[in-house]
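Asker: return atomic coordinates for the entry below.
(2 chains)
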Amino acid sequence: MSIKKYIRERFFPHMWCSGCGHGIVMNSLLRAVDQLGFNKNEVVMVSGIGCAARISGYVDFHTLHTIHGRALAFATGVKMSRPELNLIVPMGDGDALAIGGNHFIHAARRNIDLTAIIMNNRIYGMTGGQFSPLSGIGISATTAPYSSIDNAFDTINLSIAAGATFVARTTTYHVKQMIKIIKQAILHKGFSVVEILSQCPTYFGRKNNIKSAVNMLEEYKNNTVPIGSKLLIENPALIQRGIFKQEEMPEYCREYDKVIERAKKE
Amino acid sequence: MCGNIRFIQGNEVCSEAALYAHINFFAGYPITPSSEITEHMSVKLPEKGGKFIQMEDEIASLCAIIGASLSGNKVMTATSGPGFSLMQEALGYAIMAEIPCVIVNVQRAGPSTGIPTHVSQGDVNQARWGTHGDHAIICLTASNHQDLFKMVVYAFNCAEIYRTPVILLLDEIIGHMREKIVLPKIGEIPLVERLKTTMEENVNYHPYLPREDGRLPMSDFGGKHRYNVTGLFHDMWGFPTDNSEIVHGLVHHLTDKIVDNVHQIAKIKEYFLDDADTILVSYGASARSALQLVQNRRAKGEKIGLIELQTLWPFPYSIISEKCIKANYIVVVEMNMGQILREVKIAINHTEKVFLANRIDGVLISPNDIENILRNIQGKGV
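Answerer: Here you go, the predicted model:
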């Protein structure tokens, strides 16, 4: 299977560092779209600012590269206008949940049919390695030289509490699971969140004494388990992977069609 | 005819005129004194099959209408000072990506929360320079409902012609005041619709390659042409670049397409200028008081006239300079510390002839206020 047809080759080489997990995410995302059999014209990708957001430039869909944190707000305008299109919104952890946190919870609350992909490398990569709202306590970063005292968001619980109707987590090590989850997330009619743990060897790894991208991938392999695994009893610190929530609820654009019907009657 | 006569608020005029101009998407966030526009749109848009969404804040509102505009809609949002401040980053994006949209700012007294329900014209320079980086902007205003209707439609037209955000800078008095308006009939005011590319699918469409007349035909996002849109400096395909020639060219393009067309864009109204020795320059609610004063004093035989600005940006320097050439007193009447005064001083060779008549206390400047200041300026005492 070739995903080459989805790539804007002339804009390569990409700007991601060697060992970065984001290329794996892009590859899996394109495989997911390919397996779904979508026409390229049916896919819109809206992104914000940061390393993760650069995905939109490299793929041959309708692509809207916007401002920091606000991708979901732009995507809301596109989706409301053209509900038949598939909207994919790749974001970094800072883009999605720091500067974009408010837009994130409100898009989830509306249950508008967007697929939010949070590429979580727990660091601000593009600006040189500052801690993010997903770094967590005890992490070293260029703005946490004495290690971070900031709690991390729990993306899964945050998304569910805010009203997202499809919520999942996977990692760049678990590529097959990633493709499967992205496919389900895109097909889901409602606000979908896929958190993908994605390694940043350049900043997160270097600042936190993880020697290489391979070591980081091995950590994803060893420190994550399927949801509800028995291993959690012995080691509750393990990170769960899989689909945490999948529920059909009224979707915003469809509900707005009903508003139009009511308005026209009165 | 009677069916077209209404007695409504300026904010409602904004909504009616937007509908006349074929708006089909509005996103907004409640803020005094502009909320009635948002409320009205929530009622009217779905009636005609359009879409309304109340967003989580003002910057999200502007982002949403940018997305909707790209997808082929005529769009608007409405706010007041604090919300307008919050929108500035998205405003720059719309300028850079050349997205047609209309942003209404019903000004309140500021800075900060200020006085939400009182009048001010303090956002004139923010409208011009609020977002970062070199750019030009179109900013329009009006002093009465009949004109306001036309200017709203004109704002939508300019947004399409120049592919740019257009700011409608109103004030609390115009927004909240009720007065008579005769709603124009269909076809009475010309509309500019979206210029769409005629290129076929699979032909290499360049979203940022201007035609010979400078206009950029659009292709609805999600339609037959796939392309990239970004706030980064970009080439004719919409792809990021730091090529210095392209960067230089784009800054010029974004500025020149507006500044070079100032004579097409600028609208002013003239009252009694022919023999005027004293010329008032005003706009928005303060122009109502200025006009009243001019009429009062003309009745007494005084040679006084008024230029009412309906386009604040791009500022019509040469027009002002030409109109004021014979005047000895040029008095800018506005409700701020002299934001348009500065531009008039740039326009007029003899800055010693240019004066300010202002109020900055959230109260409408009255004809009496202007008269008192005028007497001081003319050395006649109060």
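Asker: any idea how far the closest residue in space to residue A:121 that isn't next to it in sequence is from chain B?
Answerer: Nearest residue to residue A:121 in three dimensions, chain neighbours excluded: residue A:200, at 3.8 Å (C-beta to C-beta, 6 or more residues apart in numbering or on different chains). (Each C-beta comes from the backbone N, C-alpha and C, glycine too.) Separation of residue A:200 from chain B (C-beta to the nearest C-beta, to the nearest Å) stands at 21 Å.
Asker: thought residue A:200 was touching residue A:125?
Answerer: Yes: the pair residue A:200 / residue A:125 is scored as a contact, 5.1 Å apart, by C-beta atoms under 8 Å.
Asker: between the two, which contacts overlap?
Answerer: A:17, A:20, A:51 (C-beta atoms under 8 Å, 6 or more residues apart in numbering or on different chains).
Asker: JSON lines for those, including pLDDT, neighbour count and distance to residue A:82?
Answerer: Converted to JSON lines, the shared contacts of residue A:200 and residue A:125 look like this (pLDDT from 0 to 100; neighbours: other C-beta atoms under 10 Å in any protein chain shown; distance: C-beta to C-beta, whole Å):
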{"residue": "A:17", "pLDDT": "97", "neighbour count": "15", "distance to residue A:82": "35"}
{"residue": "A:20", "pLDDT": "98", "neighbour count": "23", "distance to residue A:82": "32"}
{"residue": "A:51", "pLDDT": "97", "neighbour count": "27", "distance to residue A:82": "28"}
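Asker: strands - which of the residues you listed land there?
Answerer: Among the shared contacts of residue A:200 and residue A:125, no member falls in strands (DSSP state E).
Asker: and of those residues, the nearest to chain B?
Answerer: Of all these, chain B sits closest to residue A:51, with 13.8 Å by C-beta to the nearest C-beta.
Asker: returning to that earlier point: from the shared contacts of residue A:200 and residue A:125, which is closest to residue A:207?
Answerer: Minimum distance to residue A:207 across the shared contacts of residue A:200 and residue A:125 is 13.7 Å, recorded for residue A:17 (C-beta to C-beta).
Asker: okay, the nearest residue to that closest one once chain neighbours are set aside: pLDDT?
Answerer: Among residues not flanking residue A:17 along the chain, residue A:202 sits closest, at 4.4 Å (C-beta to C-beta, 6+ apart). Confidence at residue A:202, expressed as pLDDT, is 98.
Asker: now swap in residue B:204 and tell me
Answerer: Residue B:204 carries a pLDDT value of 86.
Asker: next one: phi and psi at it?
Answerer: Residue B:204 has phi and psi values of phi -70, psi 100 when expressed as degrees, to the nearest 10.
Asker: for whichever strand or helix holds residue B:263, packing partners?
Answerer: Per DSSP states H and E, residue B:263 falls inside helix B:262-265. In terms of contacts (3 or more C-beta pairs under 8 Å, 6 or more residues apart in numbering or on different chains; DSSP states H and E), helix B:262-265 is packed against helix B:317-323.
Asker: could you dump the helix it packs on to CSV, C-alpha only?
Answerer: Extracted C-alpha coordinates of helix B:317-323, given in CSV (Å, rounded to 0.1, in the frame of the first residue of the first chain):
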residue,chain,number,x,y,z
TYR,B,317,-5.2,62.3,3.1
SER,B,318,-5.3,64.0,-0.3
ILE,B,319,-9.0,64.4,-0.3
ILE,B,320,-9.0,66.1,3.1
SER,B,321,-6.0,68.3,2.1
GLU,B,322,-7.8,69.4,-1.1
LYS,B,323,-11.2,70.1,0.6
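Asker: could you pull up phi and psi at the single nearest residue of chain B relative to chain A?
Answerer: Proximity of chain B to chain A (C-beta to the nearest C-beta) peaks at residue B:67, 2.8 Å away. Torsion angles at residue B:67 (phi, psi; degrees, to the nearest 10) stand at phi -60, psi -40.
Asker: quick check: pLDDT value at the residue of the stretch 151-266 of chain A found nearest chain B.
Answerer: Closest approach of the stretch 151-266 of chain A to chain B (C-beta to the nearest C-beta) occurs at residue A:263, with a separation of 3.6 Å. The model reports residue A:263 with a pLDDT of 98.
Asker: and what of the one 3 residues further on?
Answerer: At residue A:266, the model reports a pLDDT of 81.
Asker: OK, contacts around it?
Answerer: Listed by C-beta under 8 Å, 6+ apart, the contact partners of residue A:266 are residue B:47.
Asker: let me know the secondary structure of the closest residue to residue B:148 other than its chain neighbours.
Answerer: Closest residue to residue B:148 apart from its sequence neighbours, by C-beta to C-beta, 6+ apart: residue B:142 at 4.0 Å. When classified by DSSP: H, G, I helix; E, B strand; the rest coil, residue B:142 comes out as coil.
Asker: run a quick neighbour tally on residue B:142.
Answerer: Neighbour count for residue B:142, taken as other C-beta atoms under 10 Å in any protein chain shown: 29.
Asker: kindly report the residues of the stretch 51-200 of chain A close to chain B.
Answerer: Selection of the stretch 51-200 of chain A residues close to chain B by C-beta under 8 Å from any C-beta of the partner chain yields A:56-57, A:60-67, A:70, A:73-82, A:85, A:102-103, A:106.
Asker: hmm, 6 Å instead?
Answerer: Proximity of the stretch 51-200 of chain A to chain B (C-beta under 6 Å from any C-beta of the partner chain) is limited to residues A:57, A:62-65, A:67, A:70, A:73-74, A:76-78, A:80-82, A:85, A:102-103, A:106.
Asker: so where do the helices sit in the chain?
Answerer: Just so you know, I chose chain A. Under the criterion DSSP state H, chain A contains helices at A:22-36, A:55-58, A:71-81, A:93-97, A:101-110, A:155-162, A:175-187, A:206-207, A:213-223, A:231-234, A:252-265.
Asker: wait, chain B
Answerer: For chain B, helices defined by DSSP H occupy the ranges B:10-20, B:35-47, B:58-70, B:81-97, B:124-129, B:145-162, B:172-176, B:244-259, B:262-265, B:284-299, B:317-323, B:339-347, B:367-377.
Asker: before we move on, back to that, just checking, the residue of the stretch 151-266 of chain A closest to chain B touches residue B:49?
Answerer: No: applying C-beta atoms under 6 Å as the test, residue A:263 and residue B:49 come out as separate, 8.8 Å apart.
Asker: who has more neighbours, those two?
Answerer: Set residue A:263 next to residue B:49 and count neighbours by other C-beta under 10 Å: residue A:263 wins out with 18 against 12.
Asker: up against chain A, what does chain B have?
Answerer: B:46-47, B:49, B:51, B:56, B:60, B:63-65, B:67-68, B:71, B:73, B:89, B:93, B:221-222, B:226, B:228-231.
Asker: which stretches of the stretch 251-382 of chain B have low pLDDT?
Answerer: B:381-382 (pLDDT under 70).
Asker: repeat that with 80
Answerer: Within the stretch 251-382 of chain B, the segments meeting pLDDT under 80 span B:380-382.
Asker: tell me the contacts of residue B:80?
Answerer: Contacts for residue B:80 (C-beta atoms under 6 Å, 6 or more residues apart in numbering or on different chains) come out as B:31, B:34, B:106, B:108.
Asker: which one of those residues sits closest to residue B:309?
Answerer: In terms of C-beta to C-beta, no member of the contacts of residue B:80 lies closer to residue B:309 than residue B:106, at 17.5 Å.
Asker: count of neighbours near that closest one?
Answerer: Neighbours of residue B:106 (other C-beta under 10 Å): 31.
Asker: and if you look at residue B:318?
Answerer: For residue B:318, the count of nearby residues is 12 (other C-beta under 10 Å).
Asker: check residue B:211 and give its pLDDT.
Answerer: Looking at residue B:211, the pLDDT reads 85.
Asker: which residues touch it?
Answerer: The neighbourhood of residue B:211, defined by C-beta under 6 Å, 6+ apart, contains no residues.
Asker: how does it look with 10 Å?
Answerer: B:195, B:197, B:217 (C-beta atoms under 10 Å, 6 or more residues apart in numbering or on different chains).
Asker: got those residues as JSON lines, with pLDDT and neighbour count columns?
Answerer: Below are the contacts of residue B:211 laid out as JSON lines (pLDDT from 0 to 100; neighbours: other C-beta atoms under 10 Å in any protein chain shown):
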{"residue": "B:195", "pLDDT": "96", "neighbour count": "16"}
{"residue": "B:197", "pLDDT": "94", "neighbour count": "18"}
{"residue": "B:217", "pLDDT": "95", "neighbour count": "17"}
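Asker: fine by me, thanks again.
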